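> this one's structure only:
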């Protein structure tokens, strides 16, 4: 620690951001005007309320003006705060100038992504974590995909993998892992193993003229099973997440938002949680 | 300097163009008025008959060889050139106004007799039908067997009514362009099928006493109906005379052999007015079509109560799209086809085209066209001008492109034709007002980032410039990365650094 408070560390970064301090709140709070340059030269100015608890900082719009008040798809929590990162893995501890600057850069990038999301009505591909507890299973699935290497690792990163659960034999239902709608492989849910382990491996060794089989290629049979099972758990947790928010008003700014299906009359305007 | 789009630059230009058309005058057209050089803030209300004639076998010409090589292009240009010359002769003998010749498509206007004569509209329509038949008959004899050039198969669409004539030209151009239902409906009739013949809209059929039909684009005029029109119109010139004069003219002024050379990129510096068959351009490039979606309905909705706004919207959007293509991306506008812009883009050297870079530039340019279009609508809306229902459909393709000028000496028409040009137009025509489509060849020639952006369906929704730059650069597209660096060159240092940061936002259960 440098002896300077996290709030002062954050405030010290404002000149580098071209931001202006508008005031301070009663506690560890900072209100600023933050112009965010975009790749097309636009510079929307956000009025941001920053609050600090210990060495953790959080941000939200002073009043929801340029962003919805609540939108899980746009990573805006029910209290209006921005969920900039998953603390379990990506936490930023604001205890020195570099960390303070990293926190600001994360916020700015988050706001740049918001402009893209608003235009295309979906969150930019591969730039977010799954919701709620699903993030843990996504994290584990990503690690499993990394063990398998490309092309599965890139498919996972780009959100091209999906699941179909089908059948109910002695081994229980099978989880089919699909890439862009085409079956890649399947895993038995009950025995937690790949259905056909003599198939070519999912890694680059499997596409050679004499391919390695999945079961004989490093730990890839186990990684493939883990990937499928974690994707399955991730999907379950996603459903639970949206169940919790069923009945919340949809802001109407994102296509295919699960909230839109549970909101009686979705509105295009900003929503109140 | 990187090719890029910038909000402030676009805003300044759009505001200037809006100021240029602050005052718009609409006047009724009389026969003694000139349709040349109409001022930008003026439009003529013209009651006339619009003829669209499509040469149906152009695509066959382009596919006469397996590869789209020099021979294929030479034959196609010669094919068009022979027919342009013949049509030119017909139109001038029949006192008919050529509006444009856009590759396989002719647009002409019959404005006489004027409404001061009795039954003027029916007379104009009959005259148009007689001219259309003359075109069909003449073009059946203007092939060239020695050069393997077939005769043209022609399909004609005709409609009649009021349209607004505005200036189609930019920077020295002077030809008129017609906004309104009759021009568009005639085009729909000619483009509405692959059978030759003359097709009238129900509106035009009724005006000459024919029964209306359920599907006018499927019901060609009968031989008897055409003959009635020919007798009534009495054009005073026959097919044989035109063909004879055309042959004599070809002997006196033979079409020079087509010779191609490359233009050193950027194409912006290509002086199309200096091109001739003997000095034509041919190189790998991207062809871009950007069409204002919903504009026909928009014109129909406003032509009676707010024609001034139609002219404003048209001029402001077109001028801005032209600026983006030309000034921001160093492209070359070939022409405006009504509310549609056709242009070419090329990156590379004097000897070779940089294929992936050209496709990346075309992708960024497509995004920029949409950003400018959106901004123009926003600014026009701010002036209390209704812009409801307008969109921009964009298609582009990559491949060998030609640029030349065809037709009669002293009245040559610019022409850029190739498989890629036709494909880019087709890709655009399959898009909605918020969609951008990439042709299969451009998709294959592009970087992985471009392929990922468009996906296997080769179409992207809501693709503006910001999205194009961000999506391409984050996947390693160097052309986009350079454009992005340029955009943040003057930004606060932490903002510039933030733009390269990888973040993964989350959503808590709270």
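Yep, that arrived. Not measured: the values here are computed from a predicted model.
> switch to C-alpha atoms for all contacts and neighbour counts from now on
Will do.
> Would you mark the buried spots in the helix or strand that contains residue B:375?
Residue B:375 is located in helix B:355-382, with elements delineated by DSSP states H and E. Buried residues in helix B:355-382, counted by 16 or more other CA atoms under 10 Å in any protein chain shown: B:355-377, B:379-380.
> for that helix, what is the average pLDDT?
Helix B:355-382 carries an average pLDDT of 98.
> Up against chain A, what does chain B have?
For chain B, the residues in contact with chain A (CA under 8 Å from any CA of the partner chain) are B:5-8, B:461-467, B:469-470, B:484, B:487-488, B:491-495, B:497-499, B:501-510.
> Can I get the buried part of the residues you listed as one ChimeraX selection?
Buried members of the residues of chain B next to chain A, defined by 16+ other CA under 10 Å, are picked up in ChimeraX with:
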select /B:5,6,7,461,462,463,464,465,466,467,469,470,484,487,488,491,492,494,495,497,498,499,501,503,504,505,506,507,508
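> tell me the domain boundaries of chain A?
Chain A breaks down into these domains under automatic domain parsing: A:6-120, A:134-244.
> For the stretch 151-273 of chain A, what lies in contact range of chain B?
residue A:241.
> In the stretch 151-273 of chain A, which residue sits closest to chain B?
Nearest to chain B, among the residues of the stretch 151-273 of chain A, is residue A:241, at 7.2 Å (CA to the nearest CA).
> wait, what's in contact with residue B:330?
Residues near residue B:330 by CA atoms under 8 Å, 6 or more residues apart in numbering or on different chains: B:3, B:266, B:267, B:268, B:345.
> where do the helices sit along the stretch 101-250 of chain B?
B:120-139, B:181-190, B:202-207, B:223-233, B:239-252 (DSSP state H, counting those that start in this stretch).
> which residues are in contact with the second one?
The contact list for helix B:181-190, computed with CA under 8 Å, 6+ apart, reads B:49-54, B:155-163, B:199-201, B:216-217, B:296, B:299-300.
> residues contacting the residue nearest the centre of chain A?
Against the mean C-alpha coordinate of chain A, by CA atoms, centre = their mean, the closest residue is residue A:129 at 1.6 Å. Contacts for residue A:129 (CA under 8 Å, 6+ apart) come out as A:86, A:135, A:138, B:504, B:505, B:506, B:507.
> repeat that with 10 Å
A:75, A:85, A:86, A:135, A:136, A:138, A:139, B:503, B:504, B:505, B:506, B:507 (CA atoms under 10 Å, 6 or more residues apart in numbering or on different chains).
> State the pLDDT value of the second one.
Reported pLDDT at residue A:85 in the predicted model: 93.
> That one: neighbour count?
Residues near residue A:85, counting by other CA atoms under 10 Å in any protein chain shown, number 23.
> phi, psi of the spatially closest residue to it that is not a sequence neighbour?
Distances taken as CA to CA, 6 or more residues apart in numbering or on different chains place residue B:505 nearest to residue A:85, at 4.5 Å, with adjacent residues excluded. Backbone torsions of residue B:505, given as degrees, to the nearest 10, read phi -60, psi 160.
> Of the residues of chain B next to chain A, which belong to helices?
Those of the residues of chain B next to chain A mapping onto helices are B:7-8, B:465-467, B:469-470, B:484, B:487, B:493-495, B:497-498, per DSSP state H.
> Skipping its backbone neighbours, what lies nearest residue 97 in space?
You didn't pick a chain, so chain A it is. residue A:9 (5.8 Å).
> meant chain B, my bad for not saying
residue B:109 (5.1 Å).
> hmm, back to that, now the two most distant members of the contacts of residue B:330.
B:3 and B:267 (13.0 Å; CA to CA).
> returning to what we had before: looking at the contacts of residue B:330, spot the one nearest chain A.
Looking across these and measuring by CA to the nearest CA, the closest to chain A is residue B:3, at 11.9 Å.
> per-residue confidence at the closest one?
So, for residue B:3, pLDDT stands at 92.
> ok, now residue B:79?
Reported pLDDT for residue B:79: 86.
> these two touch, right, it and residue B:141?
No: the pair residue B:79 and residue B:141 fails to qualify as a contact (CA atoms under 10 Å) at a distance of 12.0 Å.
> shared neighbours, these two?
B:150, B:151, B:152.
> Make TSV out of those and add neighbour count.
Listed next are those as TSV, based on neighbours: other CA atoms under 10 Å in any protein chain shown:
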residue	neighbour count
B:150	20
B:151	20
B:152	26
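> Mind checking which of those residues are in strands?
Judged by DSSP state E, strands contain none of those.
> Lowest-confidence member of the ones in helices among the residues of chain B next to chain A, which is it?
residue B:493 (87).
> JSON lines for the contacts of residue B:330, including secondary structure and neighbour count?
Below are the contacts of residue B:330 laid out as JSON lines (DSSP: H, G, I helix; E, B strand; the rest coil; neighbours: other CA atoms under 10 Å in any protein chain shown):
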{"residue": "B:3", "secondary structure": "coil", "neighbour count": "17"}
{"residue": "B:266", "secondary structure": "coil", "neighbour count": "19"}
{"residue": "B:267", "secondary structure": "helix", "neighbour count": "21"}
{"residue": "B:268", "secondary structure": "helix", "neighbour count": "20"}
{"residue": "B:345", "secondary structure": "strand", "neighbour count": "26"}
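> Which one of the residues you listed is nearest to residue B:39?
Checking the contacts of residue B:330 against residue B:39 by CA to CA gives residue B:268 as the nearest, at 25.1 Å.
> and the gap between that closest one and residue A:122?
Remark: distance between residue B:268 and residue A:122 (CA to CA, to the nearest Å) = 36 Å.
> which non-adjacent residue is nearest residue B:194?
The shortest distance from residue B:194 to any non-neighbouring residue, by CA to CA, 6+ apart, is to residue B:56 (6.7 Å).
> Provide the secondary structure category for residue A:21.
strand (DSSP: H, G, I helix; E, B strand; the rest coil).
> helix, strand or coil for residue 256?
Defaulting to chain A. coil.
> What's the local residue count around it?
Neighbourhood size, residue A:256 [other CA under 10 Å]: 12.
> what's the answer for residue B:298, then?
18.
> Residue B:391 now?
Using other CA under 10 Å, residue B:391 has 20 neighbouring residues.
> Show me the strands in the stretch 51-200 of chain A, by range?
Taking DSSP state E, counting those that start in this stretch as the criterion, the stretch 51-200 of chain A carries its strands at A:56-61, A:161-169, A:172-179, A:182-188, A:193-194.
> Identify the residues contacting the third one?
I take that to be strand A:172-179. By CA under 10 Å, 6+ apart, the list of residues contacting strand A:172-179 reads A:152, A:155-156, A:159-168, A:182-195, A:224-225, A:227-229, A:231-232.
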